[in-house]
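Fold the following, please.
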Amino acid sequence: MCQAAQPGASLLRLADSETLRTSDEKMQETRPARCAGTATIVACGFLGLLAATTPAPLQAQTVPSPLPLAWCLERAQTANPQLAAEVAASRAAAARVDQAGALDDPRIAYEASNIPVGDFDFRSTALSGHQLGIRQKLPFPGLLANRREGARAAAEATALTVEDRTLLTDAAVESAWAELGFAQRALDITDRNIELLRQLASIAETKYRVGTGLQQDVLRAQVELTVLLEERLRREASIESAGARLIALLDLSPEVDLPRTGPLEDSARLPALEPLLSELEQRSPRLRALSRRVEQARRLVRVAELEGYPDFDLGLGYRVRKRVSGDPVAGDDFLEAGVTIRLPLYRAKWRARVVERKALLRRQEANHRGARAQIAARIRSTFAALVRANSAAALLSTGLVPQAEQSLQSSRSGYEVGRIDFPSLLGSQVRLLNAELRRVRAIADRRQAFSALEATSGEKLR
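Next comes the predicted model:
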């Protein structure tokens with residue numbers, strides 16, 4: 001199968017560059033590999049560049065024919081609206097890290113101090129003067145560090161959410177592409193059967209005209225032909241529905257007509273189930289994101305505890321004075337310093353905040369456990385669907401379809417010489433139609449199950 005590249009180190013090497021590149025270069029850019037820690041935030045910063053990318057206008061962009069899956073995956077990486085929204089959210093979260101760990105801005109003050117209201121003269125008294133001051137608020141030690149680490153954990157979780165959304169988008173694109181391919185091939189099979197049934201109807205009419213056939217055979221053929229024509233309308237509607245879904249995922253113009261897809265067959269070997277389950281915590285970006293959310297909640301508990309301790313305002317002032325008669329210090333300037341301490345006396349408020357944060361921590365821990373159970377169950381069910389589709393595709397391709405073709409040929413020869421009746425011939429034709437449709441359906445189901453398993457387990461398996 002053709003597929004987009006895994007998230008990789010190329011993004012990490014380019015993360016510090018804010019230079020916008022051309023549209024063609026961005027279409028060729030590989031996705032970032034699964035990362036953890038601060039490296040994820042760096043990759044997230046670069047992914048923000050992709051969010052700012054505007055897809056090339058459809059008039060300037062040619063949809064290849066036949067439509068390859070690799071092109072669809074590449075297009076989705078730069079154009080899918082949901083993925084672009086997650087990338088933008090990730091970059092915003094990364095920008096909050098420095099904000100969370102920064103001190104409040106210092107404040108500069110000016111005072112015209114001790115001016116007599118009678119003459120507003122700075123030389124009237126020894127205490128008058130122009131006073132400049134600066135004040136800085138200092139939180140309790142450890143508060144800013146925990147805020148910063150909480151924001152860092154949130155940024156890493158959001159970056160991992162981008163990775164998870166990328167896998168989900170790839171799976172949705174491949175599923176829509178496979179569904180479109182199935183609908184197109186189902187229409188081909190229906191058309192072939194319509195042509196075959198017309199041939200059988202012609203044979204029945206010929207036999208009826210020469211007196212060796214029955215009128216009910218002709219009528220039965222016409223009824224079956226009408227049924228197939230109605231089925232053809234449903235197949236055409238299925239093509240439109242699958243195409244609309246893929247167009248939405250790729251953010252293409254609604255007026256575009258998607259060409260025929262490339263081959264649906266995928267020869268990738270099935271993975272083993274046990275490693276997917278045993279390494280789930282390390283593989284799944286969704287679980288790793290929830291783990292970082294737990295760490296964020298844990299940091300916020302500590303922040304709530306530290307906010308209940310005093311913080312400090314440090315101040316420094318300098319008064320510029322004029323020399324006046326009787327001044328004991330002969331006009332020297334004054335220097336002053338002071339500290340203001342917030343007294344958190346209303347303890348009930350701060351205790352309630354800590355209780356709230358601890359409850360939110362327990363919620364995040366429960367979300368993490370619940371998600372792990374759901375993902376494990378989803379892997380098992382998706383793997384079972386993949387095994388079933390794989391076995392069905394093999395059985396139908398090598399067994400039932402060839403057998404149905406031989407049965408129809410034999411029945412047609414037998415009908416032409418009068419050895420079998422027309423209902424038996426129609427039964428052979430219907431069995432071939434169903435077998436061909438089931439084979440293509442199984443091939444499409446196999447590809448869809450594979451993509452769903454990759455999205456759930458958190459890594460590419462092909």
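
use CA for all of it now, contacts and neighbours both
Fine.

Determine the longest helix present in the protein.
Determined from DSSP state H, the single longest helix within the chain is helix 143-209.

buried residues in the helix or strand following it?
Read in the C-terminal direction, the helix or strand following helix 143-209 is helix 215-250, with elements assigned using DSSP states H and E. Going by neighbour count (16 or more other Cα atoms under 10 Å), the buried part of helix 215-250 is 217-218, 220-222, 224-225, 228-229, 231-232, 235, 238-250.

thinking again about what came up before, by how many degrees do the longest helix of the chain and helix 215-250 diverge?
Orientation note: helix 143-209 sits at an angle of 160 degrees relative to helix 215-250 (axes from the mean of the first three to the mean of the last three Cα atoms, to 10 degrees).

Report the mean confidence score over helix 143-209.
In this model, helix 143-209 has a mean pLDDT of 93.

And for stretch 414-428?
80.

Could you give the separation between the terminal residues of it?
In stretch 414-428, first residue to last residue: 12 Å (Cα to Cα, to the nearest Å).

So for that stretch, what gets flagged as buried?
Counting neighbours by 16+ other Cα under 10 Å, one finds that the buried residues in stretch 414-428 are G414, Y415, D421, F422, L425, L426, S428.

circling back: just list what the longest helix of the chain packs against, helices and strands only.
Where contact means 3 or more Cα pairs under 8 Å, 6 or more residues apart in numbering; DSSP states H and E, helix 143-209 is packed against helix 38-51, helix 69-79, helix 81-100, helix 215-250, helix 285-307, helix 422-457.

gap between that helix and the chain center?
Distance of helix 143-209 from its chain centroid, counting by Cα atoms, centre = their mean, to the nearest Å, is 16 Å.

ditto for stretch 381-398
If you compare the mean C-alpha spot of stretch 381-398 with that of the full chain, they lie 27 Å apart, counting by Cα atoms, centre = their mean.

Just the CA atoms of that stretch, as PDB, please.
In PDB, the C-alpha atoms belonging to stretch 381-398 read as follows (Å, rounded to 0.1, in the frame of the first residue of the first chain):
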ATOM      1  CA  SER A 381     -12.900  -6.000  17.800                       C
ATOM      2  CA  THR A 382     -11.100  -4.200  14.900                       C
ATOM      3  CA  PHE A 383      -8.500  -7.000  14.800                       C
ATOM      4  CA  ALA A 384     -11.200  -9.600  14.700                       C
ATOM      5  CA  ALA A 385     -12.900  -7.600  11.800                       C
ATOM      6  CA  LEU A 386      -9.500  -7.500  10.000                       C
ATOM      7  CA  VAL A 387      -9.000 -11.200  10.300                       C
ATOM      8  CA  ARG A 388     -12.500 -11.900   9.100                       C
ATOM      9  CA  ALA A 389     -12.200  -9.600   6.100                       C
ATOM     10  CA  ASN A 390      -8.800 -11.000   5.300                       C
ATOM     11  CA  SER A 391     -10.100 -14.600   5.300                       C
ATOM     12  CA  ALA A 392     -13.200 -13.700   3.400                       C
ATOM     13  CA  ALA A 393     -11.200 -11.900   0.700                       C
ATOM     14  CA  ALA A 394      -8.900 -14.900   0.300                       C
ATOM     15  CA  LEU A 395     -11.800 -17.400   0.200                       C
ATOM     16  CA  LEU A 396     -13.900 -15.500  -2.200                       C
ATOM     17  CA  SER A 397     -11.000 -14.600  -4.600                       C
ATOM     18  CA  THR A 398      -9.600 -18.100  -4.800                       C
END
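
Would you mind pulling the contact partners of it?
Applying Cα atoms under 8 Å, 6 or more residues apart in numbering, the set of residues contacting stretch 381-398 from outside is 270, 273, 435-436, 438-440, 442-443, 445-446, 449-450, 452-453.

same question, stretch 210-225
The contact list for stretch 210-225 (Cα under 8 Å, 6+ apart) reads 194, 197-198, 200-201, 204-208, 422-423, 426.

same thing with stretch 418-427?
Identification of contacts with stretch 418-427 by Cα under 8 Å, 6+ apart yields A204, D217, A221, L408, S411, R412, G414, Y415.

Output those residues in CSV; the columns should cover distance to P106.
Shown next, in CSV, are these (distance: Cα to Cα, whole Å):
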residue, distance to P106
A204, 97
D217, 96
A221, 90
L408, 89
S411, 93
R412, 94
G414, 98
Y415, 98
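
of the residues you listed, closest to T161?
L408 (53.0 Å; Cα to Cα).

so the residue nearest to L432 when sequence neighbours are not counted is in which element?
Distances taken as Cα to Cα, 6 or more residues apart in numbering put A404 closest to L432, at 4.9 Å, once the chain neighbours are dropped. Under the criterion of DSSP H and E, A404 resides in helix 401-416.
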